[in-house]
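In: Predicted model follows, preceded by the sequence.
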Amino acid sequence: MPVPSTIDHHARNYSLPHAYSMVQAAALAYKDEATIDRQAREWGFDRVRHHHTQFTPPFPLEDTQAYTIASENMIITGFRGTEPAQIRDWLSDATTPPWPGPAKTGYIHYGFGQALDSIFPTVRDALSELRDNDQSVFFTGHSLGGALAMLAGCRMYLEEPRLQADGIYTFGQPRTCDRLLAAACNKGFKDRVHRFVNNNDIVPQLPPEPAYTHVETLRYIDSHGKIRTSMPLLGAVTDRVMGATADLLAPASDALRDHPIKQYVHALEKNLT
């Protein structure tokens with residue numbers, strides 16, 4: 001199967017080509033505004049909005065960034081992630097207080113709450129402005145961007161249902177919320193959330209359980225690069241060990257090596273071809 005060079009603006013349901021488009025859109029969030037504008041035009045999106053918020057200490061991240069692109073049939077909002085070592089450090093801090101979840105449903109990590117609150121109004125306004133033809137809406141992101149895509153989708157569903165997403169695609173997303181909010185997301189986004197985890201990627205294992213959890217949907221990329229929708233517990237453990245020992249010179253490096261967005265792009269491309 002050839003790798004698609006553009007995005008199918010009529011896609012609404014899950015498929016590998018559509019997932020590959022979403023991981024490309026997640027990767028685009030790391031680029032500068034001029035590159036995003038140019039790529040959006042090449043993909044057939046004629047309208048672009050950029051979202052950017054800067055923070056001051058003590059917030060551990062410098063800023064939150066996203067973009068929204070729109071055509072006659074589709075809207076995509078891509079949220080930018082951050083460096084794995086940086087996000088790992090503040091997600092590992094168990095002393096931080098929780099932040100109220102969307103529509104006061106459950107709670108989320110304070111870093112996600114602060115980042116989402118800073119950028120959500122402009123994302124909501126962009127969707128309200130650009131959704132003028134009943135277009136499909138997709139949220140995507142990698143790492144921190146995946147958490148924000150997930151939580152923005154939950155917030156739209158609970159607070160702005162007319163703008164809720166038709167699909168949420170995340171890659172290397174950390175745990176975002178408690179079980180109460182996860183249950184609400186599982187109910188509201190059945191078969192519309194697609195959470196990709198690349199083998200031993202450390203970030204999806206943070207923040208620690210049981211305080212924080214994931215939504216149910218998982219698309220696991222095994223140590224051979226194959227995407228799986230389910231895997232027996234013993235098989236998953238064995239596969240993680242295989243991935244961790246693949247590099248005999250640095251066996252512990254797999255947890256960080258599996259996280260970069262380029263690894264997810266490569267894995268989905270490999271499954272397509």
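Out: Received, thanks.
In: Run through the residues that contact the nearest residue to I168 once chain neighbours are set aside.
Out: Take I168 and drop its neighbours on the chain: the residue closest to it by CB to CB, 6 or more residues apart in numbering is G153, 4.3 Å away. For the C-beta atoms, the positions are set from N, CA and C on the backbone; glycine is no exception. Residues near G153 by CB atoms under 8 Å, 6 or more residues apart in numbering: 139, 164-165, 168, 185, 189, 193.
In: and if you look at V197?
Out: V197 makes contact with 172-173, 204, 218-221 under the criterion CB under 8 Å, 6+ apart.
In: Wait, a strand at it?
Out: Yes: secondary structure assignment places V197 in a strand (DSSP: H, G, I helix; E, B strand; the rest coil).
In: Pull out the buried positions in stretch 99-107.
Out: For stretch 99-107, the neighbour count (16 or more other CB atoms under 10 Å) marks 99, 101-102, 105-107 as buried.
In: Any chance of those in JSON lines with distance to L116 as columns?
Out: Compiled in JSON lines, the buried residues of stretch 99-107 are given as follows (distance: CB to CB, whole Å):
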{"residue": "W99", "distance to L116": "9"}
{"residue": "G101", "distance to L116": "10"}
{"residue": "P102", "distance to L116": "8"}
{"residue": "T105", "distance to L116": "14"}
{"residue": "G106", "distance to L116": "14"}
{"residue": "Y107", "distance to L116": "13"}
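In: Could you tell me the phi and psi values at Y67?
Out: Dihedral pair for Y67: phi -140, psi 160, per degrees, to the nearest 10.
In: Dig out what it forms beta bridges with.
Out: On the basis of DSSP bridges, Y67 is bridged to H50, G78.
In: Which residues are in contact with it?
Out: 28-29, 33, 36, 40, 48-51, 77-78.
In: ok, now with 6 Å
Out: 36, 50, 78 (CB atoms under 6 Å, 6 or more residues apart in numbering).
In: Mind checking which of the residues you listed are buried?
Out: Applying a neighbour-count criterion of 16+ other CB under 10 Å, the buried members of the contacts of Y67 are 36, 78.
In: filter the contacts of G153 to the buried ones?
Out: When the contacts of G153 are checked for burial by 16+ other CB under 10 Å, the buried set is 139, 164-165, 168, 185, 189, 193.
In: so of the residues you listed, which ones are in strands?
Out: Mapping the buried ones among the contacts of G153 onto strands (DSSP state E) picks out 139, 168, 193.
In: least confident pick among those?
Out: Minimum pLDDT for those is recorded at V193 (93).
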